[in-house]
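Chemist: Have a look at this prediction, sequence included:
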Amino acid sequence: MALLALVLVLAGSGGAGAEDLLGAGFELRGGVLAHDVPGLWSGFRLERGVDINGEILFGNGLPILGGALRPAIGGSVNVDGFTSKAYADLRWETELPAHLFFGLGLGAAVHDGNLAPTEPDRKALGSRVLFHIPLELGVRLDARQSFSVYFEHTSNAGTQRYNEGMDGIGLRYGYRF
């Protein structure tokens with residue numbers, strides 16, 4: 001909700017910051033992620049399968065700390081019927097030497113998984129709304145196309161009784177319009 005409020009305020013302000021953040025340009029990114037990967041941030045694995053991930057990044061970004069801050073919305077759908085999610089983030093991204101880029105973000109995700117440990121092969125995520133933390137390292141193939149390694153972590157950060165969390169990692173292709 002805070003992210004949505006920020007986007008609406010910036011969009012309605014009419015200032016240069018809003019134009020940079022929500023400008024006419026956008027970028028689509030999508031790919032395939034391994035679902036609930038053990039040994040990363042969340043620790044253990046219960047769920048399995050592959051996630052199809054898609055995302056829209058908006059505008060040129062608001063310049064900050066040597067990069068740009070952009071709103072992003074997206075989702076990861078598990079093809080085996082385990083937990084899927086939709087998310088909204090603010091993403092900071094910076095261009096690196098050799099056509100590389102690095103991004104990280106913070107936002108909220110809404111999921112369709114279990115809240116409590118009611119099934120032995122499903123995570124107990126504790127809350128319907130979770131924190132969403134993405135990290136991405138990629139290469140710009142040209143002015144429009146990119147290829148990247150993408151990681152996402154979702155959890156409630158210990159705010160609820162159950163907080164098993166979930167990590168996904170995989171490859172994505174991006175295209176700027």
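Modeler: Noted; the coordinates are in hand. Note that the structure is predicted; figures quoted are calculated from it, not measured. Numbering: from 1, shown residues only.
Chemist: Could you use CA atoms for every contact and neighbour count after this?
Modeler: Will do.
Chemist: Which strand residues bridge the spatially most central residue of the chain?
Modeler: Closest residue to the average C-alpha location of the chain: P134 at 4.5 Å, with CA atoms, centre = their mean. For P134, the beta-bridge partners under DSSP bridges are E152.
Chemist: Could you check how far the residue nearest to R48 when sequence neighbours are not counted is from M166?
Modeler: Closest residue in space to R48, ignoring its immediate chain neighbours: H35 at 5.7 Å, by CA to CA, 6 or more residues apart in numbering. Remark: distance between H35 and M166 (CA to CA, to the nearest Å) = 8 Å.
Chemist: all helices in the protein, in order from the N-terminus.
Modeler: 2-13, 16-22 (DSSP state H).
Chemist: Lowest average confidence across those helices, which one?
Modeler: Out of the helices of the chain, helix 2-13 stands lowest, with a mean of 40 (criterion: mean pLDDT).
Chemist: H153 is in contact with E136, correct?
Modeler: No - under the criterion of CA atoms under 8 Å, E136 is not in contact with H153, lying 11.8 Å apart.
Chemist: Quick check: neighbours shared by H35 and M166?
Modeler: With contacts taken as CA atoms under 8 Å, 6 or more residues apart in numbering, H35 and M166 have no neighbour in common.
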